[in-house]
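Colleague: One predicted model, sequence on top.
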Amino acid sequence: MSTITTVNPATEQELETYSVMTEAEATERLEACHAAFLEWRKTDHSERAKVLKAIVQGRPDRGQDLRGDHGLHRSEWAGRAGR
């Protein structure tokens, strides 16, 4: 079975290896993601916050990924808005 390995371009460190999916497998997963999104978007923002906070508490090493600000202070992020 073929695999794909993701690599950090800055360090050349191998991050993760994935099995290559068939087109049918990829389509099935995309459809499942879309169905989940359609339900998620109906969820009240306060409930979404609870879910995301629980994820961060379980995986503090991934909290930065969920914030999306990459650790920047609010004033630093605001300065980048027009770029």
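Modeller: Yep, it's here.
Colleague: Could you look up the SS state of Thr6?
Modeller: Counting by DSSP: H, G, I helix; E, B strand; the rest coil, the backbone at Thr6 sits in strand.
Colleague: Isn't it up against Glu12?
Modeller: No - because the distance of 11.5 Å does not satisfy CB atoms under 8 Å, Thr6 is recorded as not touching Glu12. Every residue, glycine included, has its C-beta placed from N, CA and C.
Colleague: neighbour-wise, which of the two wins?
Modeller: The residue with more neighbours, out of Thr6 and Glu12 and counting by other CB atoms under 10 Å, is Thr6; that gives 11 against 7.
Colleague: what's the distance between the nearest residue to that one once chain neighbours are set aside and Thr5?
Modeller: Nearest residue to Thr6, sequence neighbours excluded (CB to CB, 6 or more residues apart in numbering): Leu15, at 4.5 Å. Distance of Leu15 to Thr5, computed by CB to CB, to the nearest Å: 8 Å.
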